[in-house]
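Asks: everything below, folded, please.
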Amino acid sequence: MLSELTTQEITLVNHFNLLQPQARREVLDYLHYTLFKQYQQELYSSVLGNPLIYNGLLQLLHMCEREETSIEQINRKCNILKFMFYDNYERVHLKYVDLLSEIHAESTLFDLGRLGFEHLHIAISSNRKDLIGFEIREFLQFFKKFANQGDRGRILAV
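Replies: Numbering: from 1, shown residues only. Modelled structure (predicted):
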């Protein structure tokens with residue numbers, strides 16, 4: 001284990017050991033805060049910055065506008081996009097879940113996907129392409145809003 005540490009890591013541990021208990025808590029709090037911000041940024045970029053998901057939603061919208069596209073094809077495409085969304089979300093989430101205790105607090109993006117796909121499946125079950133198109137447009141609007149702002153205002157400094 002010790003042979004795997006770099007000189008920078010050893011210096012960090014030595015400096016940390018010199019700190020008083022209150023200063024150690026402050027350093028740990030700041031480290032936790034920084035890690036949570038990194039988690040959030042990575043999560044948003046992995047899901048909202050994924051061109052396959054965004055372009056897939058646009059393709060889904062175009063599929064609704066074509067007469068020759070069946071509801072079954074739309075449903076299949078929606079399920080693929082849902083899988084991609086949650087796969088990207090889970091990949092990042094699992095990377096940080098052991099490190100962050102308040103990771104459950106970051107459910108905004110998860111709720112965006114859950115509600116968006118839930119509304120899409122309800123619209124698909126209605127067999128009305130106009131309703132499906134409306135739900136896709138709504139989902140895309142929220143998707144763009146989150147991608148542009150990244151919901152950055154929710155994190156407060158420790």
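Asks: show me where the chain has helices.
Replies: Assigned by DSSP state H, the chain shows helices spanning 7-18, 21-47, 51-65, 71-96, 108-125, 129-149.
Asks: is it possible to get a markdown table of the ones you listed that adds mean neighbour count?
Replies: For glycine as for every other residue, the C-beta is placed from the backbone atoms N, C-alpha and C. Conversion of the helices of the chain to a markdown table gives the following (neighbours: other C-beta atoms under 10 Å):
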| stretch | mean neighbour count |
| --- | --- |
| helix 7-18 | 10 |
| helix 21-47 | 15 |
| helix 51-65 | 16 |
| helix 71-96 | 16 |
| helix 108-125 | 17 |
| helix 129-149 | 16 |
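Asks: just put these in a markdown table and tack on mean pLDDT.
Replies: As requested, the helices of the chain are exported to a markdown table (pLDDT from 0 to 100):
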| stretch | mean pLDDT |
| --- | --- |
| helix 7-18 | 89 |
| helix 21-47 | 90 |
| helix 51-65 | 94 |
| helix 71-96 | 94 |
| helix 108-125 | 92 |
| helix 129-149 | 90 |
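Asks: give me the pLDDT for Glu106.
Replies: Per-residue confidence (pLDDT) for Glu106: 62.
Asks: was I right to think Val27 contacts Leu19?
Replies: Yes - taking contacts as C-beta atoms under 8 Å, Val27 lies within contact range of Leu19: 6.5 Å.
Asks: can you list residues touching both of the two?
Replies: Counting by C-beta atoms under 8 Å, 6 or more residues apart in numbering, no residue touches both Val27 and Leu19.
Asks: how close does Asn75 sit to Leu35?
Replies: To Leu35, Asn75 is 39 Å away according to C-beta to C-beta, to the nearest Å.
Asks: and if you look at Ile136?
Replies: 35 Å.
Asks: again, but for Gln8
Replies: 18 Å.
Asks: which residues are in contact with the closest residue to His121 other than its chain neighbours?
Replies: Residue nearest to His121 in three dimensions, not counting chain neighbours: Cys78, with 7.0 Å by C-beta to C-beta, 6 or more residues apart in numbering. Neighbour list for Cys78: 60, 117, 120-121, 124 [criterion: C-beta under 8 Å, 6+ apart].
Asks: and those, which two are the farthest apart?
Replies: Using C-beta to C-beta, those span at most 12.3 Å, a distance reached by Leu60 and His121.
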